[in-house]
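>>> Here is my input; please provide its structure:
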Amino acid sequence: MATTGGRRRTRRPSAVLARRVALAVALLIGVWFAVEGGEYGTRDLLSRRARRERLEMEVARLQAVVDSLKAEVRAVEQDPVTIERVAREEYGMVKGDRELLYRFAEDAAER
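Coordinates of the predicted model:
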């Protein structure tokens, strides 16, 4: 209640209600901005978390590929069986005079 020059003035209930509604709306806007506003809002953080998980899965997949390639290089450099297989398949090599290599040429007309 406010007094003005000796007279008492009462506030109308609608004015009090309007002021409370305005305060509640301002408070809700403040809370919304605290959660969603700024540079990194909640939605942005969730999308970044999902992207990070996808990238971690991709890194794990690529690490498995790198490990298998390292194992293959190690086998080609050190494993006699693998070295022999590569020599036979890639370079057409045979074991001494005990084996013969047959090569079949395709006829040019068949192509």
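>>> Flag the shaky bits of this structure, pLDDT-wise.
Where the chain drops to pLDDT under 70, the residues are 1-9, 101, 108-111.
>>> tell me the strands in it, going along the chain?
Per DSSP state E, the chain carries strands over the ranges 2-4, 7-9.
>>> Can you name the residues that contact Met93?
If you count contacts by Cβ atoms under 8 Å, 6 or more residues apart in numbering, Met93 has them with Ala87. Using the backbone N, CA and C atoms, a C-beta is placed for each residue, glycine as well.
>>> ok, now how distant is it from Glu77?
Separation of Met93 from Glu77 (Cβ to Cβ, to the nearest Å): 17 Å.
>>> How about Asp44?
Counting by Cβ to Cβ - Asp44 and Glu77 are separated by 48 Å.
>>> So for the two, which sits in the more crowded spot?
Neighbours of Asp44 and Glu77, each counted by other Cβ atoms under 10 Å, are more numerous for Asp44; the result is 12 against 9.
>>> Contacts only, for Gly41.
Val35.
>>> if I look at it, how far off is Glu53?
For Gly41 relative to Glu53 (Cβ to Cβ), the value is 19 Å.
>>> the helices in the protein, which residues?
Remark: helices assigned in the chain by DSSP state H are 13-36, 42-78, 80-91.
>>> Make CSV out of those and add distance to Tyr102.
As requested, those are exported to CSV (distance: least, Cβ to Cβ, whole Å):
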stretch, distance to Tyr102
helix 13-36, 74
helix 42-78, 26
helix 80-91, 13
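>>> Can you report how many residues neighbour Arg85?
Residues near Arg85, counting by other Cβ under 10 Å: 13.
>>> now swap in Tyr102 and tell me
So Tyr102, with other Cβ under 10 Å, has 4 neighbours.
>>> likewise Val21?
Val21 has 10 nearby residues by other Cβ under 10 Å.
>>> State the distance from it to Leu27.
Taken as Cβ to Cβ, the span from Val21 to Leu27 is 11 Å.
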